[in-house]
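Q: show me how the following folds:
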Amino acid sequence: MYVEQLYTNCLAEAAYYIESNGEAAIIDPLRETEPYTELAKERGAQIKYIFETHFHADFVSGHIDLSKKTGAPIVFGPNAHPAFDAHIAEDGETFHIGDVIIKTLHTPGHTMESTTWLLIDEQGKEQAIFTGDTLFIGDVGRPDLAVKTDLSREDLAAHLFDSLHNKILTLADDVTVYPGHGAGSACGKNMSEETTDTLGNQKATNYALKEMSKADFVAKITEGLTPPPQYFPKNAVLNKTGYESIDNVMERGLKPLDAKAFDVAVEQGATILDTRDFKEYREGFIPGSMNISLDGMFAVWVGTLIEDLQQPIVVVAPEDRTEETVLRLARVGYDNVVGYLQGGVEAFRAASRNLEKMDWVEASQLKDWQDKGYQILDVRKPGEFESQHIEGAINYPLDYINNPDIQLDKDGKYLVHCKTGYRAVAAMSLLLQQGFTHVVDVDGGFEAVLAEDILPVTEYVCPTSQAAESV
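A: Below you'll find the model as predicted:
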């Protein structure tokens, strides 16, 4: 028996390859098919089944393309009603992969079709569970991402409680937990950096598995949930209804465009997406472009800031990362890349086109710029801002800046910062598109401000601490 976790850091997503005696199964594959077909080929195995734990919301799965290329059936658990051919397993149904068995454990809660796949080895021992978004390391799946359901998140959380206690916590402590995601995913709120663990250790350390009533569990699981990125329900629908072949998407997106063809695409409504490092972008960029660097939570920010999955996109990227850009867009359902600027910004400059630059200042200069009438604009998330921020700063998270109804003064003067700079430059690229003219990046972000220790910073004091101090 052979099990391999194929972990993709930028999505904090785990797919799995299981093999025994020349037969293999894939669980929760990403959009591209080569990692799975090549691995099976290298190991001399044939992919027999493609298992899905649920209709994913945070990425487009590769189940349809992989099935077409291998002939392996797609298998969902109970309550799944996809618009394409798939085997809908019954609770307790088993599947043979060589000399091992995959058993269906229906575990609704994250979604109603959510299913955990139990791996039973050659000797009949229960070895591992592939939990999808039902159980994470340190957390459980959020109960508010199900597609088109009449159930409330409290209803789903109650189902999740029953699934955990009746199907998962009854298993032996030495069973290995293989989750669908790790830290950084928006599918949970307290996930560990670790991507695997024993069930026994999770019973001892996972807050959601502590002994409590169902009512207390529901309250804990639904507490503090922030709205998911807007692309989540759209990806879930694609995973349920089907999508265009990844091969077609890649062929279209990897079309080289000279400066003239690039101009035509933009005139026809294409968004210019520049995926270079934010500091490189800051030093010279195409007017009207948006910066979302590949070297960060690229998929999440694309999905947050570009509302329409079918929006035409032209890519500006380092030549050796163009294919990566198109693929990573496709992973989250942005299939309408119409090409890339061949030669990048240098080709744009060579065609006698002017690049723009962003103004930036060091943290040590902030007080001087404030004296010139500039306000501090903090584009971090509300929780980050509430925890610690520069006194007098305005908080307007990046999540909401790509909005024609933005509630900021276009004639205002702003010193823009996030934690380190990635989000600030992305925000400034959008502000410049919207007609803001006095925006300046704070080099190094909030971390640099703290290091300089020049401006006063407000820190959150929890109520318990206040109460203790007042006694």
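Q: bridged to the closest residue to Lys103 other than its chain neighbours, which residues?
A: Nearest in space to Lys103, with sequence neighbours left out and distances taken as C-beta to C-beta, 6 or more residues apart in numbering, is Leu118 at 4.2 Å. Yep, even glycine has a C-beta here, placed from its N, CA and C like the rest. With DSSP bridges applied, Leu118 shows beta-bridge pairing to Lys103, Ile129.
Q: is it true that Leu118 touches His106?
A: No - the pair Leu118 and His106 does not pass the contact test of C-beta atoms under 8 Å, sitting 11.1 Å apart.
Q: between those two, which is the more surrounded one?
A: Neighbours were tallied for Leu118 and for His106 using other C-beta atoms under 10 Å; the higher tally belongs to Leu118 (22 against 19).
Q: contacting residues for that one?
A: Residues near Leu118 by C-beta atoms under 8 Å, 6 or more residues apart in numbering: Ile102, Lys103, Thr104, Leu105, Glu126, Ala128, Ile129, Leu171.
Q: from these, which is closest to Ser20?
A: The nearest member of the contacts of Leu118 to Ser20, counting by C-beta to C-beta, is Ile102 at 10.1 Å.
Q: that closest one and Val300, how far apart?
A: 31 Å (C-beta to C-beta, to the nearest Å).
Q: now the phi/psi pair for Thr271, please.
A: Main-chain dihedrals, Thr271, degrees, to the nearest 10: phi -80, psi 130.
Q: so it sits right up against Val315, yeah?
A: No - using C-beta under 8 Å, Thr271 is not in contact with Val315, being 9.7 Å away.
Q: of these two, which one has the most company?
A: Val315 (24 against 21).
Q: any idea which helix or strand carries that one?
A: Counting by DSSP states H and E, the element that carries Val315 is strand 313-316.
Q: is Tyr36 in a helix, a strand, or coil?
A: Three-state assignment for Tyr36 (DSSP: H, G, I helix; E, B strand; the rest coil): helix.
Q: tell me how far it lies from Gln46.
A: Counting by C-beta to C-beta, the gap from Tyr36 to Gln46 is 12 Å.
Q: out of those two, which sits in the more crowded spot?
A: Each of Tyr36 and Gln46 has its neighbours counted (other C-beta under 10 Å); Tyr36 has more, 24 against 14.
Q: so who does the more buried one touch?
A: Leu6, Ala15, Tyr17, Ile26, Pro29, Ile47, Gly62, Leu66.
Q: any idea which of those residues is closest to Leu329?
A: Gly62 (14.7 Å).
Q: just confirm the closest one contacts Glu32, I think it does.
A: Yes - the pair Gly62 and Glu32 qualifies as a contact (C-beta under 8 Å) at a distance of 6.2 Å.
Q: what's the burial count for the closest residue to Asp274 other than its chain neighbours?
A: Leaving aside its chain neighbours, Asp274 sits nearest to Val316 (4.2 Å; criterion: C-beta to C-beta, 6+ apart). Residues near Val316, counting by other C-beta under 10 Å, number 25.
Q: got it, and Asp320?
A: Asp320: 7 neighbours (other C-beta under 10 Å).
Q: gap between it and Ile272?
A: Using C-beta to C-beta, Asp320 is found at 20 Å from Ile272.
Q: just Tyr178 next, same as before
A: Applying C-beta to C-beta to Tyr178 and Ile272 gives a distance of 40 Å.
Q: again with Ala72
A: Ala72 is 39 Å from Ile272, by C-beta to C-beta.
Q: related to what we said a few turns ago, output the contacting helices and strands for the helix or strand just after the strand holding Val315.
A: Later in the chain than strand 313-316, the nearest helix or strand by DSSP H and E is helix 322-331. Helix 322-331 sits against helix 246-253, helix 298-305, strand 313-316, strand 337-341, with contacts defined as 3 or more C-beta pairs under 8 Å, 6 or more residues apart in numbering; DSSP states H and E.
Q: output helix 322-331 as CSV, nothing but the C-alphas.
A: C-alpha atoms of helix 322-331 as CSV (Å, rounded to 0.1, in the frame of the first residue of the first chain):
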residue,chain,number,x,y,z
THR,A,322,3.2,32.9,-17.6
GLU,A,323,2.1,29.2,-17.7
GLU,A,324,2.0,29.2,-13.9
THR,A,325,-0.2,32.3,-13.9
VAL,A,326,-2.8,30.9,-16.4
LEU,A,327,-2.9,27.6,-14.5
ARG,A,328,-3.4,29.2,-11.1
LEU,A,329,-6.2,31.4,-12.5
ALA,A,330,-7.9,28.3,-13.9
ARG,A,331,-7.6,26.5,-10.6
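Q: now do the SS call for Leu149.
A: Check again: residue 149 is Thr, not Leu. Under three-state DSSP, Thr149 comes out as coil.
Q: ok, it touching His110?
A: No - counting by C-beta under 8 Å, Thr149 does not reach His110; the two are 11.5 Å apart.
Q: quick one: Gln310 from Val249, how far?
A: In terms of C-beta to C-beta, Gln310 sits 12 Å off from Val249.
Q: what touches both of those two?
A: What both Gln310 and Val249 touch, as defined by C-beta under 8 Å, 6+ apart, is the set Asp335.
Q: between the two, tell me which one has more neighbours.
A: Taking other C-beta under 10 Å, Gln310 and Val249 do not tie; Val249 has more neighbours (23 against 10).
Q: show me where the stretch 351-471 of the chain has strands.
A: 359-362, 375-378, 388-390, 394-395, 413-417, 438-443, 457-459 (DSSP state E, counting those that start in this stretch).
Q: of all these, which one comes closest to Pro82?
A: strand 394-395 (41.4 Å).
Q: which strands and helices lie in contact with the closest one?
A: strand 375-378.
Q: touching the strand it packs on from outside, list them.
A: Contacts for strand 375-378 (C-beta under 8 Å, 6+ apart): 366, 370, 385, 389-390, 392-396, 408, 412-418, 427, 439, 446.
Q: now stretch 239-253
A: Outside stretch 239-253, the residues touching it (C-beta under 8 Å, 6+ apart) are 31-33, 52, 55-56, 60-65, 68, 81-84, 147, 315, 323, 326-327, 329-330, 333, 335, 337-340.
Q: which of the residues you listed are buried, as a PyMOL select command?
A: Buried residues within these, by 16 or more other C-beta atoms under 10 Å, are selected in PyMOL with:
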select buried, resi 31+32+33+52+55+56+60+61+62+63+64+65+82+147+315+326+327+329+330+333+335+337+338+339+340
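Q: quick one, helices of the stretch 51-200 of the chain?
A: With helices called from DSSP state H, counting those that start in this stretch, the stretch 51-200 of the chain shows them at 63-70, 153-163, 199-205.
Q: run a quick neighbour tally on Gly303.
A: Counted with other C-beta under 10 Å, Gly303 comes out at 25.
Q: what's the closest non-adjacent residue to it?
A: Tyr231 (3.5 Å).
Q: need the phi and psi values for the one you found.
A: phi -80, psi -10.
Q: enumerate every residue touching it.
A: Gly303, Thr304, Leu309, Val332, Gly333.
Q: now Thr196
A: Gln5, Ile137, Thr176, Val177, Tyr178, Pro179.
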